[in-house]
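okay, here's the prediction I keep looking at, along with the sequence it came from:
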Amino acid sequence: MTQPSSPSLVRVERFDEPALAHVVELVLDRPAALNAVSTAMAEAIRDATTAIAADDTVRCVVLTSSHDKAFCVGADLKERSSFTDADLMQQRPLARAAYGGVLGLPVPAIAAVDGFALGGGFELALSCDVIIAGDGALVGLPEVGVGVIPGGGGTQLLVRRVGWSRAAKAIFSAAKLPAAEALAMGAVDEVVPAGTARDRALDLARAVAANSPVGLRNAKRAMRLGSDVDLASGLEIEDACWRATAFSGDRREGVAAFAEKRTPNWPGR
């Protein structure tokens with residue numbers, strides 16, 4: 001794996017392994033604070049996701065943590081304890097940009113969660129398309145217990161994942177859910193032995209990245225844009241994304257590779 005040129009609160013890493021050549025690992029790297037999202041870390045997430053989104057070579061993103069006991073414990077409440085109301089309002093657009101940067105990634109994103117993923121930490125995971133959790137993980141949106149509400153997309157994303165009543169029960173009770181319970185309600189997608197969430201996420205990323213980059217981006221676009229509209233509108237969105245894919249170089253290469261019984265060499269356009 002290639003290493004970043006300098007230390008950062010968030011690291012963007014690429015791999016030497018051919019099967020992972022088009023995979024980016026976005027590493028939350030503030031271990032001393034259990035990856036609590038400070039103003040500086042929110043800025044780092046925003047900048048990293050902006051750069052990844054602009055990179056046409058990326059086919060999949062894996063969101064991980066450098067701390068084996070915590071994915072992310074949410075907002076940095078120690079920092080916020082000294083905030084004035086004006087400070088909090090000034091930070092808000094940056095926080096939205098950070099969480100929105102993960103949610104808006106144009107390629108499939110997989111969260112690998114081991115340990116604590118609470119509040120804004122769980123919202124970062126919910127902003128991904130797939131969540132792999134170690135069986136020792138503890139997830140939840142406990143913000144109402146400290147006088148706020150989930151503000152990184154949690155009230156919207158959890159409802160869309162698990163339905164109104166299950167999300168309501170979890171959010172209103174400020175519940176911290178063990179991985180098995182989160183899996184049963186659909187809040188995470190797969191549970192693996194503790195400490196192996198990253199390995200499993202990279203295995204899935206290998207399978208994802210083997211596929212057409214044009215197909216991946218347009219499939220995600222169709223799913224995201226179509227998920228909150230009526231069926232007829234969703235089918236129109238799907239048709240537009242199909243057209244953008246069907247007349248691409250990737251489609252021509254995919255058909256040729258199938259006919260010739262070989263691995264596709266995707267042009268990515």
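Received it, and whenever you're ready, just let me know what you need.

could you use CA atoms for every contact and neighbour count after this?
OK.

what residues go with each domain of the protein?
Using automatic domain parsing, the domains assigned to the chain come out as 10-209, 213-260.

output those domains as CSV; include the columns mean pLDDT.
Shown next, in CSV, are the domains of the chain (pLDDT from 0 to 100):
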stretch, mean pLDDT
domain 10-209, 97
domain 213-260, 96
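
and residue 268, which of those domains is closest to it?
domain 213-260 (5.4 Å; C-alpha to C-alpha).

quick one: terminal-to-terminal distance for the closest one?
Start-to-end span of domain 213-260 (C-alpha to C-alpha, to the nearest Å) is 20 Å.

pick the most buried one from the domains of the chain.
When the domains of the chain are scored by mean count of other C-alpha atoms under 10 Å, the highest mean neighbour count falls to domain 10-209 (a mean of 20).

now that one, how far from the chain's geometric center?
6 Å (C-alpha atoms, centre = their mean, to the nearest Å).

what's near enough to touch residue 170?
Residue 170 sits next to 140, 141, 176 when contact means C-alpha atoms under 8 Å, 6 or more residues apart in numbering.

quick one on the thing from earlier: using a markdown table, lay out the domains of the chain together with distance to residue 267.
Formatted as a markdown table, the domains of the chain follow (distance: least, C-alpha to C-alpha, whole Å):
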| stretch | distance to residue 267 |
| --- | --- |
| domain 10-209 | 10 |
| domain 213-260 | 6 |
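
just so I know, which of those domains lies nearest residue 266?
domain 213-260 (5.5 Å).

and the strands in the stretch 101-250 of the chain, which stretches?
Per DSSP state E, counting those that start in this stretch, the stretch 101-250 of the chain carries strands over the ranges 109-113, 116-118, 130-134, 138-140, 176-178, 190-192.

next, the angle from the top helix by length along the chain to strand 109-113.
Taking DSSP state H as the criterion, the chain has its longest helix at helix 85-103. Calculated by axes from the mean of the first three to the mean of the last three C-alpha atoms, to 10 degrees, helix 85-103 forms an angle of 110 degrees with strand 109-113.

show me the contact partners of helix 85-103.
39, 42-46, 49-50, 80, 123-124, 127-128, 152-153.

how does it look with 7 Å?
With contact meaning C-alpha atoms under 7 Å, 6 or more residues apart in numbering, helix 85-103 is reached by 39, 42, 43, 45, 46, 49, 50, 124, 127, 128, 152.

stretch 73-80 too?
34, 35, 36, 37, 38, 116, 117, 118, 119, 120, 121.

and stretch 110-125, by the same measure?
Under C-alpha under 7 Å, 6+ apart, the answer for stretch 110-125 is 61-64, 68-75, 99, 102, 128-134, 136-143, 150, 152-154, 194-195, 197-198, 201.

just the helices in the stretch 51-200 of the chain please.
77-80, 85-103, 120-126, 154-162, 164-172, 179-185, 197-209 (DSSP state H, counting those that start in this stretch).

excluding sequence neighbours, find me the nearest residue to residue 143.
Excluding the flanking residues, the one nearest residue 143 by C-alpha to C-alpha, 6 or more residues apart in numbering is residue 149, at 5.0 Å.

try residue 227
Distance criterion C-alpha to C-alpha, 6+ apart; nearest residue to residue 227, sequence neighbours excluded, is residue 234 at 7.2 Å.

now do residue 205
In space, residue 205 is closest to residue 60, 6.2 Å off (C-alpha to C-alpha, 6+ apart).

what's opposite the one you found in the beta bridge?
Note on residue 60: beta-bridge partners by DSSP bridges are residue 23.

that one contacts residue 106, correct?
No: using C-alpha atoms under 7 Å as the test, residue 60 is too far from residue 106 to be in contact (9.1 Å).

quick revisit: can you add distance to residue 230 and give the contacts of helix 85-103 back as TSV?
Shown next, in TSV, are these (distance: C-alpha to C-alpha, whole Å):
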residue	distance to residue 230
39	38
42	34
43	35
45	33
46	31
49	30
50	30
124	27
127	22
128	23
152	25
